[in-house]
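Sequence and predicted structure below; questions after.
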Amino acid sequence: MRVLLKASMDTEKANEAIRNGTLGKLIQESVEQIKPEAAYFTTDHGKRTAFLVFDMQDSSQMPVLSEPFFLQLGAEISYTPVMNFDDVKKGLSQLGR
């Protein structure tokens, strides 16, 4: 299932990761592990935030993918099922049958 992982990082912990040079490495390792079809980085509600869209094969992946963000960055994590345009078209074609 295609999902959106949103990781909103604690500002102080992210600042420290920048100062000690680990933030870039953590993000790179996470992207290599998750293999997202899209990855965006911005701010959301005043926090550094990563948005990663990827195919989750099994919900048991959630701890492995989340823990680096929790442990190293004090991040708030959410997972949301998402669709691309082809998914929406497929779903709409099945309405009213």
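Okay, I see it. Numbering: from 1, shown residues only.

what's the nearest residue to Lys47 if we skip its chain neighbours?
Ser8 (4.4 Å; C-beta to C-beta, 6 or more residues apart in numbering). C-beta coordinates here come from the backbone N, C-alpha and C atoms, glycine included.

how about that neighbour, phi and psi?
Phi and psi for Ser8, reported as degrees, to the nearest 10, are phi -100, psi 120.

What's opposite it in the beta bridge?
Beta-bridge pairing for Ser8 (DSSP bridges): Thr49, Glu76.

That one touches Thr43, doesn't it?
No - the criterion here is C-beta atoms under 8 Å, and Ser8 misses it with Thr43 at 9.1 Å.

between those two, what contacts are shared?
Thr49 (C-beta atoms under 8 Å, 6 or more residues apart in numbering).

Compute the number of surrounding residues for the residue nearest to Lys47.
By other C-beta atoms under 10 Å, the residues close to Ser8 number 22.

Could I get the contacting residues of it?
So Ser8 contacts Asp44, His45, Lys47, Arg48, Thr49, Ala75, Glu76, Ile77 (C-beta under 8 Å, 6+ apart).

Could you list the low-pLDDT ranges of the chain?
97 (pLDDT under 70).

so where do the strands sit in this protein?
Ranges of strands within the chain are 2-8, 38-44, 47-55, 76-81, based on DSSP state E.
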